[in-house]
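Chemist: pasted the sequence and its predicted model underneath.
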Amino acid sequence: MKYKLVAIDMDGTLLNSKNQVSHRTKEAIVNARARGTYIVLSTGRVLKSALSYSKDLDLKNPIIACNGAIIADENGNIFYKNPIDNSLVKEIVHLARSKDIYYHFYDENRFYSHNRVDEILKFYSEGDDNNRIDIKIFKDIEEITGMEDLNIYKFLFIDEDKNKLQKLRDELDRLKSLETSSSWSNNIEAMRLNVSKGEGLKELCNKLKIDSNEVIAIGDNENDLSMIKFAGLGVAMGNGNEYIKKQADYIADSNDEDGVAKIIEKFVLELE
């Protein structure tokens, strides 16, 4: 089977525990690109962050961001978007605040938070001035919902109390207008209903006229499951969620053991 596209999650997959792309992984990506294989970042991150990594890797390929709510070309021009209905924003914020759970949300390039948490802000402030994400701290959600042309693509809720998070997720699911997922044990994500990495990848493949059997998808957590199931070869990282591993066609080595590089070498470059 000749694979024409490899969709790769970023955190816990492409990036090692030092938040870096290893030399071996970069080399494998360069060689796959030279063969004409699409290497597509498929991430829960805001578009601007994904663009920064894509440019560093010289991918020159489309990007799936905000868990499939956005698909953009290599220059950040969005050709597919599916934001959360603005009428739901206040209700989502109210639910999070009623349970005293930290939250933030994204538009195309900006991170919005009601509370300054330096550890989280530092994560989103990495990179040079051209690639650094704009961060807006607000007091009243009306400051945001009153903005013109507002597109909110994803909410992220963080708490170490898993029971609190689950109760919030149950209430979000009861709205029947949102898709919920998780990218780490201490978070819940919310997007518009039927938005997922799998749906985003399907949309992109239709545009590129690539069959799902010609696709490899690599990820480590729940928000990657939809694209792992969509792809002809669904790969879970060795450091990934155990449930995701059971659903995958193949289990790679961990993100600190060049797992992504080895998958590309084996199935795209067909090296021994």
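Modeler: Right, received. Where do you want to start? Residues are numbered from 1 along each chain as shown.
Chemist: C-alpha from now on. contacts and neighbour counts both.
Modeler: Will do.
Chemist: tell me the contacts of N109?
Modeler: V46, L47, K48, I133, D134 (CA atoms under 8 Å, 6 or more residues apart in numbering).
Chemist: now with 6 Å, please.
Modeler: K48 (CA atoms under 6 Å, 6 or more residues apart in numbering).
Chemist: got a pLDDT number for it?
Modeler: According to the prediction, N109 has pLDDT 83.
Chemist: now the helices for the stretch 151-272 of the chain?
Modeler: 162-174, 197-208, 225-230, 242-247, 259-263 (DSSP state H, counting those that start in this stretch).
Chemist: report all helices and strands that the first one contacts.
Modeler: Just to be clear, that refers to helix 162-174. Judged by 3 or more CA pairs under 6 Å, 6 or more residues apart in numbering; DSSP states H and E, helix 162-174 is in contact with no other helix or strand.
Chemist: buried sites along that helix?
Modeler: L165, L168, R169, L172 (16 or more other CA atoms under 10 Å).
Chemist: may I see these organised as CSV, with distance to A248 and pLDDT added?
Modeler: Below are the buried residues of helix 162-174 laid out as CSV (distance: CA to CA, whole Å; pLDDT from 0 to 100):
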residue, distance to A248, pLDDT
L165, 26, 95
L168, 28, 96
R169, 25, 97
L172, 27, 96
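Chemist: re the thing from before, for the helices of the stretch 151-272 of the chain, which one sits closest to I63?
Modeler: For I63, the closest of the helices of the stretch 151-272 of the chain is helix 197-208, at 9.2 Å, according to CA to CA.
Chemist: and that closest one, what does it pack onto?
Modeler: With contacts defined as 3+ CA pairs under 6 Å, 6+ apart, helix 197-208 has these neighbours: helix 225-230.
Chemist: what about 10 Å?
Modeler: Helix 197-208 is packed against strand 5-8, strand 38-42, strand 63-65, strand 70-72, strand 78-81, strand 215-219, helix 225-230, with contacts defined by 3 or more CA pairs under 10 Å, 6 or more residues apart in numbering; DSSP states H and E.
Chemist: how about JSON lines for the ones you listed, with distance to Q247 and mean neighbour count added?
Modeler: JSON lines is the format used below for these (distance: least, CA to CA, whole Å; neighbours: other CA atoms under 10 Å):
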{"stretch": "strand 5-8", "distance to Q247": "17", "mean neighbour count": "25"}
{"stretch": "strand 38-42", "distance to Q247": "18", "mean neighbour count": "24"}
{"stretch": "strand 63-65", "distance to Q247": "22", "mean neighbour count": "31"}
{"stretch": "strand 70-72", "distance to Q247": "25", "mean neighbour count": "24"}
{"stretch": "strand 78-81", "distance to Q247": "28", "mean neighbour count": "15"}
{"stretch": "strand 215-219", "distance to Q247": "11", "mean neighbour count": "30"}
{"stretch": "helix 225-230", "distance to Q247": "8", "mean neighbour count": "23"}
